[in-house]
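# Sequence first, then the predicted structure:
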Amino acid sequence: MISPLTKPDAPLPWWLHRWWLVTLLVMAPLWGLGLFTRVAWTPDEPRELALCGAMLDQAQKAVPTIAGEPFCEKPPLTYWLGAASLNLFGHSAAAARMPNLLYALIGVLAVGGLAAAMVRHIRPKDNRAIATAALVAALAAGTMQLMIQVQVWLASDAPLLMATCVALLGAWRALTATTSRARLNWWLLFHVGLILGFLAKNIVGWMVPVAAVGVYCLWDRRWRELLRWELHAGWLLHGAALGPWVVAVGAQPDGGKLLRIFFYENLVGRFLPVVTEHHYINEHVNWWGKYLVEGPGYLAPWTLLAMAAFARVTAAAWRGRDSASRFLLAAMVPVFLLLSVASTGRGIYLVIIMPAVAAALGWWVANFLTGEVSKSESLERWTVGGTLLLAALLIGLVTLVGCMLPWLMGEVTWLSSMLGALVSVGVFGWLLWRAGRCFRQDRFSAALGLAGLGLFMALVITLARVVPGFNASQDLSPTVQQIAALSKDHSLVIYRPDETILSQLDWHAGLRLLTATDTTSAADFAQRDARTLMLVKLSSDRVTAPMRCRLQKLAAFTHLRFLEPKPAAGDGLFAAELVQSGWVCWQRLEIPAGRRYGIFGRADSPLARELAGAK
């Protein structure tokens with residue numbers, strides 16, 4: 001049995017010949033909805049947005065700042081480009097995310113180019129296999145759950161991901177180049193990726209590309225590649241690009257401390273169990289097997305295909321079939337193992353190995369699905385069948401969210417929600433039925449294409465419906481304006497501040513309040529000024545009163561007890577500390593289904609009578 005994609009001599013269809021255009025057309029709606037229709041969503045984006053805004057206004061550009069204080073967790077590339085975008089397109093979250101579109105474009109095309117180059121190295125005349133590898137790898141790089149999340153999120157992980165893709169492409173092309181000039185050019189591209197990765201997220205930007213080159217050269221017994229002058233000529237670029245920034249940081253009043261935070265605490269503190277000023281060992285604690293358990297979710301909807309591709313890449317690497325498989329494993333396994341034993345662990349850390357996973361998918365499709373399938377028929381059939389079932393499950397879940405969530409938020413009526421669900425069942429059910437029919441006819445490519453089209457449509461429609469509602473629950477600007485108005489008449493202090501409220505006060509209102517870190521310092525402020533009020537973050541209640549009522553009705557109608565909402569959250573630990581110390585909550589500032597903040601005053605202060613009506 002031979003797949004329709006296995007006729008190398010047939011003319012390429014336009015969609016395969018222009019794989020890069022197809023990829024961009026597919027990704028445009030997802031990037032558009034994810035980048036340009038959202039406000040800054042918590043927990044990280046409000047801080048990142050304020051950092052970009054501060055970079056635009058501050059005189060020194062070497063060190064990012066929050067409310068005037070140095071923020072040394074990441075180098076400044078994200079904030080430099082974000083500030084430039086704010087300057088060009090205005091002060092908004094969408095404007096700050098504009099560089100993310102560039103990161104995503106370059107990263108996706110670089111992964112497609114990497115997969116194409118790997119297949120071309122083995123099958124230089126098989127244009128169909130080359131284009132197929134590029135298309136599959138690029139689509140995977142644009143639609144894997146973790147990769148699309150990083151691409152549309154305002155954070156330093158987006159340029160880090162792009163830099164990793166560029167460096168891997170440069171490394172592989174340099175290792176397979178046949179002339180000194182070509183080798184030099186591709187190694188220079190490799191170093192450009194390293195520089196961008198360093199400026200995005202420190203030495204972390206070097207982990208995957210350097211491991212890929214080093215492990216591959218040793219494994220494939222090509223260690224002489226590590227001694228070539230073309231490889232090391234690029235280090236001059238590092239001195240020219242990174243040296244001035246390091247000098248500028250060291251020239252700050254606390255330059256030595258800032259450099260220590262950049263290069264010691266943010267590296268050693270995250271990977272080893274050592275105590276640092278920022279206490280990274282107490283945040284995002286890692287545990288054995290974390291990434292193995294969470295990894296399949298990060299690969300969705302390509303989970304089963306990616307696992308099969310990894311199995312085939314591993315087998316080919318050990319059998320010595322081609323060098324590309326060894327390069328791919330060198331770009332995945334060492335860093336995965338390092339992250340698995342690190343002290344801190346977040347799913348987002350794993351994104352740096354995802355470009356190699358996407359390239360492995362393209363490599364696998366080109367080498368197995370475009371040839372005689374008899375060698376891998378069992379693996380292919382089970383993988384494609386399981387992927388169709390997974391796609392059907394995801395389509396159902398996404399459609400359910402798209403139909404139910406607007407109703408729970410009170411944005412549409414029950415009848416409108418049901419009509420939308422019926423239409424969705426009809427359209428997506430027909431697509432899945434056609435996909436199943438193609439699968440039974442052994443037309444695996446068509447089956448996966450139809451299932452992917454259904455999932456893509458469901459995701460785009462759902463995002464278009466739910467993003468406006470999420471915006472209302474994430475927009476902190478009304479709360480900030482209320483706090484700014486209150487600060488004009490009262491002495492306002494932030495109790496145990498979090499970076500989000502500090503950055504948002506600075507971004508929206510140019511307001512930098514004093515802070516209290518414990519109840520003793522809070523009492524000291526109250527003694528100095530009887531009109532002092534404490535602003536404290538309360539526990540968030542993600543369920544609004546209308547949503548709670550609708551969930552209760554839905555649980556009673558369906559007899560599904562798990563749908564019953566949990567009791568409303570209390571005010572939280574920080575508020576309890578103030579209450580025990582003689583403070584009273586006079587006012588709550590709330591975003592529906594979002595963050596809550598409380599205004600606390602001393603129960604025995606002259607403000608008690610004045611603020612009683614505001615409680």
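In hand now; what should we look at?
# Is the spatially closest residue to L184 that is not a sequence neighbour within a helix or a strand, and which one?
On the basis of Cβ to Cβ, 6 or more residues apart in numbering, the spatially nearest residue to L184 that is not a chain neighbour turns out to be E230, at 4.2 Å. C-beta: built from backbone N, CA, C; applies to glycine. Secondary structure from DSSP states H and E places E230 in helix 229-233.
# now L533
For L533, the host element (DSSP H and E) is strand 532-538.
# residues in contact with that strand?
By Cβ atoms under 8 Å, 6 or more residues apart in numbering, the list of residues contacting strand 532-538 from outside reads 483, 486, 490-496, 498, 501, 513, 516, 522, 525-526, 571-572, 574-575, 578, 583, 586, 588, 595-602, 605, 607.
# Mean confidence (pLDDT) on it, please.
Strand 532-538 shows an average pLDDT of 92 in the prediction.
# on that earlier part again, go ahead and build a PyMOL selection from the buried members of the contacts of strand 532-538.
With 16 or more other Cβ atoms under 10 Å as the burial test, the buried ones among the contacts of strand 532-538 are selected in PyMOL as follows:
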select buried, resi 483+486+490+492+493+494+495+496+501+513+516+522+525+526+571+574+575+578+583+586+595+596+597+598+599+600+601+602+605+607
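# Now do the spatially most central residue of the chain, the pLDDT please.
By Cα atoms, centre = their mean, the chain has its centre lying nearest to V150, at 2.2 Å. Per-residue confidence (pLDDT) for V150: 96.
# Check V425 too.
With respect to pLDDT, V425 has a value of 89.
# Would you pull up how far the strand holding L533 lies from the middle of the chain?
For strand 532-538, the separation from the chain centroid amounts to 31 Å (computed by Cα atoms, centre = their mean, to the nearest Å).
# Each with direction, which strands does that strand pair with?
According to DSSP bridges, the neighbouring strands of strand 532-538, each with its direction, are strand 491-495 (parallel), strand 596-602 (antiparallel).
# re the thing from before, kindly format the C-alpha coordinates of the helix holding E230 as CSV.
Output of helix 229-233 as CSV, limited to C-alpha atoms (Å, rounded to 0.1, in the frame of the first residue of the first chain):
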residue,chain,number,x,y,z
TRP,A,229,37.6,28.2,12.1
GLU,A,230,34.3,28.9,10.4
LEU,A,231,32.5,27.9,13.6
HIS,A,232,34.6,30.0,15.9
ALA,A,233,34.7,33.1,13.7
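# Show the average pLDDT along that helix.
The average pLDDT for helix 229-233 rounds to 94.
# next SSE after it?
The next secondary structure element downstream of helix 229-233 (using DSSP H and E) turns out to be helix 235-250.
# which residues are in contact with stretch 137-147?
Contacts with stretch 137-147, where a contact means Cβ under 8 Å, 6+ apart, come from 19-20, 22-23, 26-27, 30, 104, 107-109, 111-112, 114-116, 148, 151, 161, 165, 297-302, 306, 347-348, 350-351, 354-355, 357-359, 361-363, 456.
# Figure out how far that stretch is from the centre of its chain.
Centre to centre, stretch against its chain (Cα atoms, centre = their mean), the figure for stretch 137-147 is 12 Å.
# same question, stretch 418-426
On the basis of Cα atoms, centre = their mean, stretch 418-426 sits 31 Å off its chain's mean C-alpha point.
# now swap in stretch 525-544 and tell me
Between the mean C-alpha point of stretch 525-544 and the mean C-alpha point of its chain there is a distance of 32 Å (Cα atoms, centre = their mean).
# how about that stretch: buried residues?
Of the residues in stretch 525-544, those buried by neighbour count under the rule 16+ other Cβ under 10 Å are 525-526, 532-538, 540-541, 543-544.
# Any buried residues in stretch 401-412, and which?
If you call a residue buried by 16+ other Cβ under 10 Å, then stretch 401-412 has these buried ones: 401-409, 412.
# Which of these fall in helices?
Among these, the ones falling in helices (DSSP state H) are 401-408.
# how close does the residue nearest to L184 sit to F190?
E230 sits 10 Å away from F190, going by Cβ to Cβ, to the nearest Å.
# Excluding covalently adjacent residues, which one is nearest to H91?
Leaving aside its chain neighbours, H91 sits nearest to G53 (6.6 Å; criterion: Cβ to Cβ, 6+ apart).
# tally of neighbours for that neighbour?
Summarising burial for G53: neighbours were counted as other Cβ atoms under 10 Å, giving 21.
# Which neighbouring elements make contact with the helix or strand hosting it?
Taking DSSP H and E as the definition, one finds G53 inside helix 45-57. Applying 3 or more Cβ pairs under 8 Å, 6 or more residues apart in numbering; DSSP states H and E, one finds that helix 45-57 contacts strand 65-66, helix 77-89, helix 93-96, helix 499-509.
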